[in-house]
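# Give me a 3D structure for the following:
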Amino acid sequence: MSEKIPIFIDFGGTLVDTLEITRLMFKKTFNRSFSNEQIIKMYKDASKRRLSMMLFFKYPVNPIKLMLNQKKMRGIQEELFLNKAKLHPKAKQTLEKIKKHGGFSLILVTQNPTMEDEEHSKQIIKKLFGNKNPFDLILAGEDKTALIDNHFNSESISKGIFIGDLPNDILNAEMLGIPCIGVTWGYSTESELETPYIADDFDELYDLVIDHVEDLKEDLAEEDVDEIEFEEEIEGYEFVE
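You can find the predicted model right below:
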């Protein structure tokens with residue numbers, strides 16, 4: 001396998017603890033406090049395409065005020081990410097370990113609008129990782145599946161794996177036809193993540209990523225054996241007129 005295996009990894013919740021940032025963003029924008037449960041619910045709902053506006057009818061946030069304050073909210077979010085964003089413990093070390101193993105491309109895929117601005121994205125990555133950016137590519141936008149489809153061919157995608165903390169990440173992986181590792185330290189519990197690949201800590205995440213490579217190697221070896229057997233059958237076939 002000479003071509004690198006793409007690892008598509010989510011940002012907020014999976015690598016960065018965004019709970020307090022989201023809480024402060026709403027507090028500064030609307031002078032309202034939300035419980036952890038409300039923040040988590042809003043975060044999950046906002047990750048679902050085309051449902052980001054509907055969710056605000058469920059909570060004490062006037063949707064008209066929300067629309068009028070979107071620019072303000074984005075500015076506050078950018079400031080908070082630059083000043084308060086923190087990686088989950090062992091996130092940086094695990095990504096470095098994966099890169100050191102070799103054979104992988106780390107692709108950050110996020111719906112965070114702050115990361116859509118290239119300059120802000122560079123500043124945030126530098127704050128979190130220093131001068132050693134672990135990512136080969138950063139994709140930011142509303143539709144994660146479309147972002148990946150637009151930047152990778154189907155053969156490359158088929159070798160990849162998705163890592164995320166939300167049911168929507170599992171759905172994106174299904175749409176791409178690849179496995180998804182669900183992590184339980186973000187915004188979802190194991191029961192909410194409908195995938196057989198669950199990581200409760202970063203050590204388990206690393207092991208699952210390496211297992212994925214070994215599975216790919218076995219699949220390729222089986223394909224090579226089948227191809228050899230098929231060629232032998234053709235060579236030994238007698239054509240009768």
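
# Now do P6 against Y187, distance only.
24 Å (Cβ to Cβ, to the nearest Å). No exception for glycine: its C-beta is placed from N, CA and C like everyone else's.

# quick one: least confident helix or strand in this protein?
Of all helical and strand segments in the chain, the minimum by mean pLDDT, DSSP states H and E falls on helix 63-68, at a mean of 69.

# Go ahead and confirm I210 touches K100.
No. Contact criterion Cβ atoms under 8 Å: I210 and K100 do not qualify, at 11.7 Å.

# picking that back up, next SSE downstream of the least confident helix or strand of the chain?
helix 70-84 (DSSP states H and E).

# Now the helix or strand that that following helix is followed by: buried residues?
Under the assignment DSSP H and E, the closest C-terminal helix or strand after helix 70-84 is helix 91-101. Neighbour counts over helix 91-101 (16 or more other Cβ atoms under 10 Å) mark A91, K92, T94, L95, I98, K99 as buried.

# Tell me the spacing between the closest residue to the third one other than its chain neighbours and L147.
Closest residue to T94 apart from its sequence neighbours, by Cβ to Cβ, 6 or more residues apart in numbering: F202 at 4.2 Å. With distances taken as Cβ to Cβ, F202 is found 25 Å from L147.

# How about K44?
When K44 is compared with L147 (using Cβ to Cβ), they lie 20 Å apart.

# L205 too?
22 Å.

# Pick out whichever of these two has more residues nearby.
L205 (25 against 21; other Cβ atoms under 10 Å).

# so what are the domain limits for the protein?
5-16+88-224, 20-84 (automatic domain parsing).

# quick one, which of these is packed in tightest?
domain 5-16+88-224 (a mean of 18; mean count of other Cβ atoms under 10 Å).

# who's in contact with the nearest residue to P6 once chain neighbours are set aside?
Closest residue in space to P6, ignoring its immediate chain neighbours: G160 at 4.0 Å, by Cβ to Cβ, 6+ apart. By Cβ atoms under 8 Å, 6 or more residues apart in numbering, G160 lies in contact with I5, P6, I7, F8, F152, L176, I178.
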